[in-house]
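Chemist: this is a predicted model, with the sequence first.
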Amino acid sequence: MAKKRKSTEEELRELHRYTRSLIEASPDMMVTFDRDSLIMDVNQETVDMTGVSREKLIGSPFKQYFTDPETAHQAAMLVFEQEKVKDLELELELIDHKGDHIPVALNASVYRDAAGKVVGAFAIIRDISKRKKAIEEVQRQQGEILELSTPALRVWEGVVLVPLIGTIDTRRAQQVMENLLERIVSTESEVAILDIAGVPTMDTKVAQHLVITAQAAAMLGAKTIITGVSPSSAQTMTKLGLDLSRLTCKGSLSAGIREALDMLSLKVVESNGE
Amino acid sequence: MEARKMAILREEDVILARQLVRKMAADMTFNLVDQTRLATAVSELTRNAVEYARSGDIRMEPVKNRLRREGLKIVVSDNGPGIADIEQAMTMGFTTSNGLGAGLPGTRQLVDEFDIRSTSGSGTTVTIVMWKR
Amino acid sequence: MIVPILKIGKNLIISIQIPLTDQQARQFQREVLEEVARTEAFGIIIDITAMDVVDSYMARILSETAIDVQLMGARAVIVGIRPEVAVTLVQMGRGLGDVATALNLEQGLAKLEKMDARKGAGHGS
């Protein structure tokens, strides 16, 4: 009997060593804390990240390792309130051993004793700086694509053309507007052509931006010609009930260019083969 | 970046306030159009403070929302007579002083968030926020 | 004078180089009108290239000045409005009214000349 009991103890110890080594080997920080958000236990990653020894970490307030302790404390309290939190990104930033600020996400749940009483919370704190960087990179690239997708071309002395292709959202409409006005000034163009033949649908917000663009261009001293207006775009623009009297519209881009040259008192003539 | 505060007592302060807000917006890398929108909004609001209340102050503070988006929050307060009918004041073309018709409603068009609180007899506070694009 | 006014031929060139307070703006308006009367100028050009903010009050002073000048029988063109200033004014629901504008001084002078050719035909095109 004694021998068997010892082996059960041995088994339990083995199991404990096994789970403990899993926790210690985790690439994420793992922390348990009590209702006062005082740290009860940590894994090796937590020690490595914070650069604070296990002995010092245990018993210290959870919140003190973050750039914004108040938010960290609230996050800890939220765990007890909701019993479980998932991917909480309360703008938490951990201060690492080099003093750098590391953005982290918090996954946590409460744990109970044998009687079912909540005794603490178990939290996994994940370093999301790489994810953050990737998102920022995507956003930067989106910005670049945006810029490339809305060129402002000088087609003639005094005429600048912006061909719009693809779906236009408010952000892009704003960018188009700013680009066009900027180009009108830098190329000293008296006429601007906005070709919207390549725009499948136009909502009222975008139409509004086009009208604002034309009004702003007029204020600078330039005229705007809109070409390639589809039936549905035309309806959108009419429904807006804005002052469209300053807008010159032409069916095709070539008709628009002809109109632009006309405004500048220029004419394209046949050379009669000479 | 730290919050900044300045008193608005004279017409010259309107120019100083908008130059200060433009500098803050530029330091926060707001684009040129948004810098201009903010500077113009501040020009309108601080003019109201000088014109109606003779004195007031402006506070400019960089803020972040829950999505970590950066913004600039500006609060212009005065201890003037207040606005009896805010709804009327927010209507295009309404004016009780010299050429302030577009002041408040125009300003609202320029910013992402606009809040006005006023009590007759104890002043007006306008809070605006613009988020970075 | 709050803003220097240059007379070149029959036209006045007025370039606003510094931000104006409301009071200075009213003084500017008065001085321009007085100068138009004194010199019997044919036209004026107000260059606002240096203005990085034009709020509703300044916009009103500018358009009023241009309209007053026209009432006095002269022509007026505002030049050098910055793109960001134009966007802001339009968005505020503010314009410069029916005042003629041009991108720069050169195009502004050309516009004044065109007005010259069609005497009494009004402003702009």
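Modeler: Looks like it arrived, so ask away.
Chemist: longest single helix anywhere in chain C?
Modeler: helix C:22-39 (DSSP state H).
Chemist: what comes up buried for that one?
Modeler: For helix C:22-39, burial by neighbour count (16 or more other C-beta atoms under 10 Å in any protein chain shown) applies to C:Asp22, C:Gln24, C:Ala25, C:Arg26, C:Phe28, C:Gln29, C:Glu31, C:Val32, C:Leu33, C:Glu35, C:Val36. Using the backbone N, CA and C atoms, a C-beta is placed for each residue, glycine as well.
Chemist: residue contacts, the third one?
Modeler: Translated: C:Ala25. If you count contacts by C-beta atoms under 8 Å, 6 or more residues apart in numbering or on different chains, C:Ala25 has them with C:Tyr57, C:Met58, C:Ile61.
Chemist: hmm, the second one is touching C:Ile46, no?
Modeler: No: taking C-beta atoms under 8 Å as the contact criterion, C:Met58 and C:Ile46 are not neighbours in contact, 11.2 Å apart.
Chemist: so which of the contacts of C:Ala25 are also by chain B?
Modeler: Among the contacts of C:Ala25, the ones lying near chain B by C-beta under 8 Å from any C-beta of the partner chain are C:Tyr57.
Chemist: now tabulate the contacts of C:Ala25 in TSV and tack on neighbour count and pLDDT.
Modeler: Shown next, in TSV, are these (neighbours: other C-beta atoms under 10 Å in any protein chain shown; pLDDT from 0 to 100):
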residue	neighbour count	pLDDT
C:Tyr57	24	92
C:Met58	23	94
C:Ile61	20	94
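Chemist: reformat the contacts of C:Ala25 as JSON lines; add secondary structure.
Modeler: Output for those, formatted as JSON lines (DSSP: H, G, I helix; E, B strand; the rest coil):
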{"residue": "C:Tyr57", "secondary structure": "helix"}
{"residue": "C:Met58", "secondary structure": "helix"}
{"residue": "C:Ile61", "secondary structure": "helix"}
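Chemist: of the buried residues of helix C:22-39, which is the nearest to chain A?
Modeler: C:Ala25 (18.7 Å; C-beta to the nearest C-beta).
Chemist: and whichever residue of chain C sits closest to chain B, what does it touch?
Modeler: Residue of chain C nearest chain B, by C-beta to the nearest C-beta: C:Met92 (3.4 Å). Contacts for C:Met92 (C-beta under 8 Å, 6+ apart) come out as B:Thr40, B:Ala102, B:Gly106, B:Thr107, B:Gln109, B:Leu110, C:Ser56.
Chemist: repeat that for 7 Å
Modeler: B:Ala102, B:Gly106, B:Gln109, B:Leu110, C:Ser56 (C-beta atoms under 7 Å, 6 or more residues apart in numbering or on different chains).
Chemist: which one is the residue of chain C found nearest chain A nearest to, not counting chain neighbours?
Modeler: Proximity of chain C to chain A (C-beta to the nearest C-beta) peaks at C:Pro83, 3.5 Å away. Closest residue to C:Pro83 apart from its sequence neighbours, by C-beta to C-beta, 6 or more residues apart in numbering or on different chains: A:Leu181 at 3.5 Å.
Chemist: in whichever helix or strand that neighbour is part of, which residues are buried?
Modeler: Using DSSP states H and E, A:Leu181 sits in helix A:170-186. The neighbour-count check on helix A:170-186 (16+ other C-beta under 10 Å) flags A:172-185 as buried.
Chemist: hmm, back to that, as CSV, the contacts of C:Met92 with secondary structure and neighbour count would be great.
Modeler: CSV is the format used below for the contacts of C:Met92 (DSSP: H, G, I helix; E, B strand; the rest coil; neighbours: other C-beta atoms under 10 Å in any protein chain shown):
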residue, secondary structure, neighbour count
B:Ala102, coil, 23
B:Gly106, helix, 23
B:Gln109, helix, 17
B:Leu110, helix, 22
C:Ser56, helix, 24
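Chemist: of all those, which comes closest to B:Ile15?
Modeler: Nearest to B:Ile15, judged by C-beta to C-beta, of those is C:Ser56 at 15.1 Å.
Chemist: quick one: pLDDT of the closest one?
Modeler: Listed pLDDT for C:Ser56 reads 91.
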